[in-house]
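Participant: how would this look folded up:
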Amino acid sequence: MNIKFVTGDSGTKRWFYQRITGIFLVVLLLVHFTIMHFIGTGETNYQSVAPRLASPLWKTFDLAFLVFALYHGLAGLWVVVDDYVHKDGWRIFIYSLIVLGGALLLVLGALTIITFSPQMLTVKM
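Facilitator: Here you go, the predicted structure:
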């Protein structure tokens, strides 16, 4: 049995998307690092971070970070499986786990980001 129906092409598109998501991740990481460590107050605690995380701009930023990181990481894992797992049955099984795991992480991460509000957790000191 030929596994081409799972991968769909020669891998050129996946290679290109892997590079593009890598570039986006570097840009997002630099923006995050700059704001957290140079522009911010210097404090990293719930009281200083929660209001920022609740804003629509940061929710969008964090969702983009989540999507790009998941795609980049899971696409890399896909390539490793493609290179090292040679039995079609195992490939399909592992590809299914990658897709299901990625979908689960995306849903859980998106729910966490979208529903976050500073009033969710009360910090008692």
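Participant: the helix or strand that residue 96 is a member of: which residues count as buried?
Facilitator: Counting by DSSP states H and E, the secondary-structure element that holds residue 96 is helix 88-115. Using 16 or more other C-beta atoms under 10 Å as the burial criterion, the residues of helix 88-115 that qualify are 91, 94-95, 98, 102, 106, 109, 113. Where you see a C-beta, it was placed from the backbone N, CA and C, and this is true even at glycine.
Participant: can you add pLDDT and give these back as TSV?
Facilitator: TSV is the format used below for the buried residues of helix 88-115 (pLDDT from 0 to 100):
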residue	pLDDT
91	92
94	93
95	93
98	94
102	96
106	97
109	95
113	92
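Participant: roughly how far out does the helix holding residue 96 sit from the chain middle?
Facilitator: Averaged C-alpha coordinates place helix 88-115 at 11 Å from its chain's average position (C-alpha atoms, centre = their mean, to the nearest Å).
Participant: stretch 22-42 now?
Facilitator: The answer for stretch 22-42 is 16 Å, by C-alpha atoms, centre = their mean.
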